[in-house]
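[1] next comes the sequence, and after it the predicted model I'd like to discuss.
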Amino acid sequence: MLDVTVIEDPEAAAVSLDPIRARLLAELAAGPASAAMLAGQVGLPRQKVNYHLKTLERHGLVELAGERRKGNVTERLMRATAASYVISPLALAAVQPDPDRFRDQLSARWLLALGARLVRDVGQLITGAAKARKRLATYALDGEVRFASAAERAAFIQELTAGVTALIRKYDAPDAEGGRDHRIVVAVHPTLKQNEPTEQTKLTEQTELE
């Protein structure tokens, strides 16, 4: 089972967003199970669970983990193909974000567009590397910093920009034969507070109250 996989196909994305199938994916990420076992966990008839499992399997979201005999019946044990899933902007190719459409380093929406492109590109690279049976060379840096003031944050961003720009100038070799282009994305944004409700959570809560 993969730690995370990217869903690029629109139909697979739609299948994964169905609440019942999303619940089944979560259950199968915890370990292999049969339709009968899942039926009791999700409160649905085995036939309905089996139908959803076949749909998930058809789109590569679950796979056969093994079989076992139970009386006169052979049960298929299914498992999720990944512990978690990310939907690529390719699933909405016609309206996917385009960071090149506008460039504003202080825009949260531009940062979101960059993040979406990162998911799309890395997802495609992972798929290509898997098909070629090659390792994918990547690197990520993740950390947190508390700024004493907005002025300190602005100063940090200025120094960060100058430092990264200097490194790019130092190592960039556009005419190097056999070289390969790499994209660099550095992001700074406020840390989301733990248990802070998202807009979707707020919307759900409001709907339940109405």
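    Looks like it arrived, so ask away.
[2] I figured residue 108 hits residue 189, correct?
    Yes. Judged on CB atoms under 8 Å, residue 108 makes contact with residue 189 at a distance of 7.1 Å. Glycine gets a C-beta too; all of them are placed from N, C-alpha and C.
[3] what's residue 39 in contact with, if anything?
    Shown in contact with residue 39 (CB atoms under 8 Å, 6 or more residues apart in numbering): 45, 46, 48, 49.
[4] what helix or strand is the residue nearest the centre of the chain located in?
    Among the residues of the chain, the one closest to the centroid is residue 86, at 2.4 Å (CA atoms, centre = their mean). Residue 86 is part of strand 85-87, with elements assigned from DSSP states H and E.
[5] cool, residue 69 as well?
    Assigned by DSSP H and E, residue 69 falls in strand 62-70.
[6] show me what that strand is packed up against.
    Helices and strands touching strand 62-70, by 3 or more CB pairs under 8 Å, 6 or more residues apart in numbering; DSSP states H and E, are helix 19-29, helix 46-58, strand 73-80.
[7] could you export that strand as CSV, CA atoms only?
    The C-alpha coordinates for strand 62-70 follow below in CSV (Å, rounded to 0.1, in the frame of the first residue of the first chain):
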residue,chain,number,x,y,z
VAL,A,62,-9.0,-0.7,-4.0
GLU,A,63,-7.4,-4.1,-5.0
LEU,A,64,-7.7,-7.7,-4.1
ALA,A,65,-5.6,-8.6,-1.0
GLY,A,66,-6.6,-12.3,-0.9
GLU,A,67,-9.4,-14.8,-0.6
ARG,A,68,-10.7,-16.9,2.2
ARG,A,69,-13.3,-19.7,2.6
LYS,A,70,-16.2,-19.1,4.9
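[8] since that was my last question, I'll sign off now.
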